[in-house]
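Asker: this is a predicted model, with the sequence first.
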Amino acid sequence: MIAAIVAVVAILIGIVIGKLIFAKNTKRNIEEAEQQAKKIIGDANTQSETLKEKKILEAKEHFLQLKSQHEKDVIQRTQKIAENENRIKQQQQAVNDKNSSLQRQIQEYDQLKINLDRQLEVVNIKRNELERHQEEHIKRLEKVASLSAEEAKAELMEVVKEEARTAALSHVKDIMEEAKANASKEAKKIVIQTIQRTAAEQTIENAITVFNLESDEIKGQIIGREGRNIRALEAATGVDLIIDDTPEAIVLSCFDPLRRELARLSLQRLVQDGRIHPARIEEVVEKTKKQLEEQVMEIGERTIIELGVHGLHKDLVRMIGKMRFRSSYGQNLLMHSKETANLCAIMAAELGLGQKVVKLAKRAGLLHDIGKVPDEETELSHALLGAKLAEKCGEHAAIVNAIGAHHDEMEMTYIISPIVQACDAISGARPGARREMMQSYLQRIKDLETLAMAYNGVEKAYAIQAGRELRVIVEAEKVSDADSDKLSFEIADKIQKEMQFPGQIKVTVIRELRSVSIAR
């Protein structure tokens, strides 16, 4: 029992001591917390005061900056206003001066008008006197000559007209001969130097129309079951395939050389691969089309780099590449355009037109036939269409005019236009450049002879030297020597206006008078 009581008392004493110790620690912790709180509050107050002073200083500095900027703006505006006022005063003064000068001129003009009116009155009086004297003189002449004034005038005019016509023809002939003698030498020199310095190919390149095969067994694979392969190939390329008894060959027929090239390359890949069916045909044609488009762009870029023509629109570069697959009268269009560009540059340089004009001439010579390879067919001629495309792609106005005027379908307004026209004719007319269809050649020869035979007094007409010369034989009784000169000039002028021909045509009129007598 005593032990229990002692234990209880010890526990109570421990509890009391623990409470005292806990209360003491709690009080000490509270005091420490209060001291930290006071310290934090003091630090916060100090920082807030510092921050407040800093912000006040920044605000003052910003205010001073704004004030200074405002003062500068006010000063600048004041200066601008003063300058504008001075300018307005000067303009007003100039206007006043002009008004004063105009008033003086008006006064001078009024005085001049008064003087002219007085002189006009005097002239009218003199003219009336002159007309009266002239009428009296005419009456005296009519009385002496027994002819009226109208009859004498008509007779005199007829005589003068005939003399003037003969003199004019002789004068025209002398002028033309003098011009030929003076200009022909330099013109020939420039043209010959231009042609010599341009090493043009003489061969004629034709579009490929025949596809060669290793054996005739492949024809069956190309045709396919019931012709499905050949129909798929024709539909995909737009080219007609003619498979006949010709050994180891297939004919590709299409008006577009680019399509023929697409069909040839596609057929070549299909034959090499050996898998020929409609799905494979469409896949190969699509791949070949992309490859051909890349090849066209590569050809165009290589051409402009070769010629030193830079800054062309990508559409024009693609059209230049397409020229590689187009021919005109058997002459490859790209070779013709490159040759014309070089001729234009050399001719412009020989004429001393300056480096800028030389570059423009070369550029125009390269682009003069882009209207022959359009993406879409139109009713415009290739010259006008080419000018429209060049203008759309931002080319210089001189180049646009040269393209549109190289077949006289536009008025030539720039110096390079006749140069491009002449070089285009030189490139197309040189030996070996082009081939003509026999039918068109014969028709041109016939038209030349028919045109000459339409004139009065012409007995016979012969086109010789492949249509380069026209010899006209006239009747000596109906055509005089003076009329022969006139006839040759008129025939040449009519040929130039009504016919299209390469190069030039020489017109020779032959008049022969034979007097025959027989001695018996």
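Answerer: In hand now; what should we look at?
Asker: what about the closest residue to His277 other than its chain neighbours, how many residues nearby?
Answerer: Spatial nearest neighbour of His277, excluding adjacent residues (CB to CB, 6 or more residues apart in numbering): Asn229 at 6.6 Å. For every residue, glycine as well, the C-beta is placed using N, CA and C. The number of residues packed near Asn229 is 21, by other CB atoms under 10 Å.
Asker: next one: Val122
Answerer: Based on other CB under 10 Å, the number of other residues close to Val122 is 9.
Asker: for it, phi and psi?
Answerer: The phi/psi pair for Val122 (degrees, to the nearest 10) reads phi -60, psi -40.
Asker: from Glu131, how far out is it?
Answerer: In this view, Val122 and Glu131 are 15 Å apart by CB to CB, to the nearest Å.
Asker: again with Arg165
Answerer: Counting by CB to CB, the gap from Arg165 to Glu131 is 32 Å.
Asker: repeat that for Gly352.
Answerer: 58 Å.
Asker: separation between the residue nearest to His277 and Gly220?
Answerer: 10 Å.
Asker: repeat for Leu385
Answerer: 44 Å.
Asker: how about Ala390?
Answerer: Distance from Ala390 to Gly220, by CB to CB: 49 Å.
Asker: so which of those two has more stuff around it?
Answerer: Ala390 (28 against 12).
Asker: just list the residues touching that one, thanks.
Answerer: Counting by CB atoms under 8 Å, 6 or more residues apart in numbering, Ala390 makes contact with Leu316, Leu367, Ile370, Ile399, Val400, Ile403.
Asker: how far out from the middle of the chain is stretch 281-288?
Answerer: 35 Å (CA atoms, centre = their mean, to the nearest Å).
Asker: which parts of that stretch are buried?
Answerer: Applying a neighbour-count criterion of 16 or more other CB atoms under 10 Å, one finds Ile281, Val284, Val285, Thr288 buried in stretch 281-288.
Asker: pretty sure the first one is touching Thr237, no?
Answerer: No. Contact between Ile281 and Thr237 fails when scored by CB atoms under 8 Å: they sit 9.0 Å apart.
Asker: overlap in contacts, these two.
Answerer: Ser266.
Asker: point out where the stretch 351-500 of the chain drops to low pLDDT.
Answerer: For the stretch 351-500 of the chain, residues meeting the criterion pLDDT under 70 lie at 429-439, 466.
Asker: now with 90, please.
Answerer: 351-359, 361, 365-396, 404-448, 457, 462-469, 476-486, 489, 492-493, 495-500 (pLDDT under 90).
Asker: where do the helices sit along it?
Answerer: 355-367, 382-392, 397-405, 416-429, 438-453, 481-498 (DSSP state H, counting those that start in this stretch).
Asker: which other residues reach the fifth one?
Answerer: If you take CB under 8 Å, 6+ apart as the criterion, helix 438-453 is touched by 458, 461-463, 466-467, 470, 472, 491, 494-495, 498-499, 501, 505, 507.
Asker: just flag the most distant two among those residues.
Answerer: Based on CB to CB, the longest span within the contacts of helix 438-453 runs between Val458 and Ala466 and measures 21.8 Å.
Asker: related to what we said a few turns ago, and the residue nearest to His277, what is it in contact with?
Answerer: Taking CB under 8 Å, 6+ apart as the test, what Asn229 contacts is Gln221, Ile222, Ile223, Ile276, His277, Pro278, Ile281.
Asker: pLDDT check: weakest of the residues you listed?
Answerer: Lowest in pLDDT among the contacts of Asn229 is Gln221, which has 73.
Asker: now that one: how far from Ile230?
Answerer: From Gln221 to Ile230 the distance is 10 Å (CB to CB).
Asker: those two - which one has more neighbours?
Answerer: Between Gln221 and Ile230, Ile230 has the larger neighbour count (other CB under 10 Å), namely 18 against 14.
Asker: now do the helix or strand where the more buried one lies: distance to the chain's middle.
Answerer: Of the helices and strands defined by DSSP states H and E, Ile230 is found in helix 228-237. Averaged C-alpha coordinates place helix 228-237 at 38 Å from its chain's average position (CA atoms, centre = their mean).
Asker: please verify my assumption that Gly238 contacts Cys254.
Answerer: Yes. Between Gly238 and Cys254 there is a contact at 6.5 Å, judged by CB under 8 Å.
Asker: looking at these two, which one has more neighbours?
Answerer: Cys254 (19 against 14).
Asker: quick one: contacts for the more buried one?
Answerer: Gly238, Val239, Asp240, Arg260, Ala263.
Asker: can you pick the most crowded of these?
Answerer: Ala263 (26 neighbours).
Asker: only C-alpha atoms, please: export the host helix or strand of it in PDB.
Answerer: Applying DSSP H and E as the criterion places Ala263 in helix 257-273. What follows is helix 257-273 as a C-alpha-only set of coordinates in PDB (Å, rounded to 0.1, in the frame of the first residue of the first chain):
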ATOM      1  CA  PRO A 257       7.100  16.600-130.300                       C
ATOM      2  CA  LEU A 258       7.100  16.700-126.500                       C
ATOM      3  CA  ARG A 259       4.400  14.100-126.400                       C
ATOM      4  CA  ARG A 260       6.300  12.000-128.800                       C
ATOM      5  CA  GLU A 261       9.400  12.200-126.600                       C
ATOM      6  CA  LEU A 262       7.200  11.300-123.500                       C
ATOM      7  CA  ALA A 263       5.800   8.200-125.400                       C
ATOM      8  CA  ARG A 264       9.300   7.200-126.600                       C
ATOM      9  CA  LEU A 265      10.900   7.400-123.100                       C
ATOM     10  CA  SER A 266       7.900   5.600-121.500                       C
ATOM     11  CA  LEU A 267       8.000   2.800-124.100                       C
ATOM     12  CA  GLN A 268      11.700   2.500-123.700                       C
ATOM     13  CA  ARG A 269      11.400   2.000-119.900                       C
ATOM     14  CA  LEU A 270       8.500  -0.500-120.300                       C
ATOM     15  CA  VAL A 271      10.400  -2.600-122.800                       C
ATOM     16  CA  GLN A 272      13.500  -2.600-120.600                       C
ATOM     17  CA  ASP A 273      11.500  -3.500-117.500                       C
END
